[in-house]
Structures are given as C-alpha cells and as structure tokens.
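> need coordinates for the following:
(2 chains)
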Amino acid sequence: AQRVTQPEKLLSVFKGAPVELKCNYSYSGSPELFWYVQYSRQRLQLLLRHISRESIKGFTADLNKGETSFHLKKPFAQEEDSAMYYCAFYNNAGNMLTFGGGTRLMVKP
Amino acid sequence: DTEVTQTPKHLVMGMTNKKSLKCEQHMGHRAMYWYKQKAKKPPELMFVYSYEKLSINESVPSRFSPECPNSSLLNLHLHALQPEDSALYLCASSQDPVSSYEQYFGPGTRLTVT
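Residues are numbered from 1 along each chain as shown, chains lettered A, B, ... in the order given. Have a look, this model is predicted:
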C-alpha cells in the first residue's frame, strides 16, 4: 500500500538555521507528492507539489526516487515558518490524498 | 469567493442527539471531502463526493451520514455518536476529482460528544 512517513513529530531550530523536514514514501511506481502546511489558527493549505519544482516561501522539495524521499528544505528558517507540515501522497487511481503523520516545526528567535 | 466555509465552528452534543455539520464553497469545485482529525494526528479521509455523488466512503460508521444537496453544499449528519467521535471535522473541495491533489480546506468544526 502507498504510504508516506514523517519520522519527526517535532523539529526545533533557531532563526536563520537550515531546515529539513523529512518525508519518505513507499510506492513502486512514480509517486505524486505534496507538502501541505497549517499555520497556527489557519486552515490547512497546499505549500508545494513535486512536479512544479518551484520554491514557495523559500521552501523547496526534491523527489529522490533512489531514497524514496521528498524532504522539504529551507536554507534559512524564519519565525513565521513555525507550523505543522504534512507530506501527502496523491493516489491518482482513487483520486485521494493520504497524509503523513505531520511534523511540527518550531523556529526559535 | 475563494474560501471553504464550515458551520458551526464548535459543537457539543450528547450521544442521543442528532446534529448536522455544514460546508459550503462557491468556487465552482465539483469534488468535496469530509475528513476527521484527532489531536496531533493527520486528517483522515471519511467521504468523497464527485459531481454531487458519493464516490468514496472510507468504511465510516453509519452514525455519520453525508449529503450533497448541490454542487456548493456538503452536509454531515450526525446521530448517536460516541465520545471517541470527538474531533475536528474538516471539509475540503477541489476543482474536480482528478485535481484532488490540490484541496482547499475549511477551518473545521470542533465536535465534542459528551
């Protein structure tokens, strides 16, 4: 079965430090993966998708098929990046999103 | 209007009550979703409606009954719930079923079953 795993429930860094939120997937085909974010008191929203290879709010994520990973990275964390981040797998056979367990990022001043 | 709205924001109900959650979007989206989210857990898919028809039911107990009266509105009828059903219930929509990777979420209804 397709699955995404986020091994860290909590990641705490200082402002200006690099950030890497880990996501690993299990799927034999070509996965479609996404990162969703939920800031405090805000609704869950799409942050970025692997096929676009874009940078949103300084975050990037590269699909590594060899390591079956889709880690989210930012070179210099900001306090406003503090939020809950979910890696999500898109099952195009069932048109469904499956979320990983989530990682809470805390950026300290 | 580019938001998904949900009412009520909070709901407290007894195990014998009947209540309904409401979700609305006016973005012309043709797929709508109900999720259940427990504290410190990811959202779990409950139901999917595609073009106003129920397309996915993730083995949800019958005490949860979804309804899609029209393309803008999604309801979740609740009856004889258990305390373990207390959670945040999220509604989401996407342009169409094929675009379900990009979902727009509502703020949720926080349900407490006493």
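
> going forward, measure contacts and count neighbours with C-alpha atoms only.
Will do.

> flag every residue of chain A that's near chain B.
Within chain A, the positions near chain B by CA under 8 Å from any CA of the partner chain are A:34, A:42-46, A:86, A:90, A:92, A:95-102.

> can you give me the strands in the chain?
Assuming you mean chain A. A:3-5, A:10-14, A:19-21, A:24-26, A:32-38, A:45-49, A:60-61, A:72-74, A:83-91, A:96-99, A:103-108 (DSSP state E).

> that's the wrong chain, I meant chain B
So, for chain B - with DSSP E - the strands run B:4-7, B:10-13, B:18-25, B:31-37, B:44-50, B:53-57, B:64-70, B:73-79, B:87-94, B:104-105, B:109-113.

> ok, for the spatially most central residue of chain B, nearest residue in space, not its chain neighbours?
Chain B has residue B:34 as the residue nearest its centroid, 3.0 Å off, counting by CA atoms, centre = their mean. Excluding the flanking residues, the one nearest residue B:34 by CA to CA, 6 or more residues apart in numbering or on different chains is residue B:91, at 4.7 Å.

> next one, pLDDT for the one you found please.
According to the prediction, residue B:91 has pLDDT 97.

> for residue A:46, which non-adjacent residue is closest in space?
Using CA to CA, 6+ apart, the closest residue to residue A:46 is residue A:36 (4.4 Å).

> which residues touch the one you found?
A:44-48, A:85-88 (CA atoms under 8 Å, 6 or more residues apart in numbering or on different chains).
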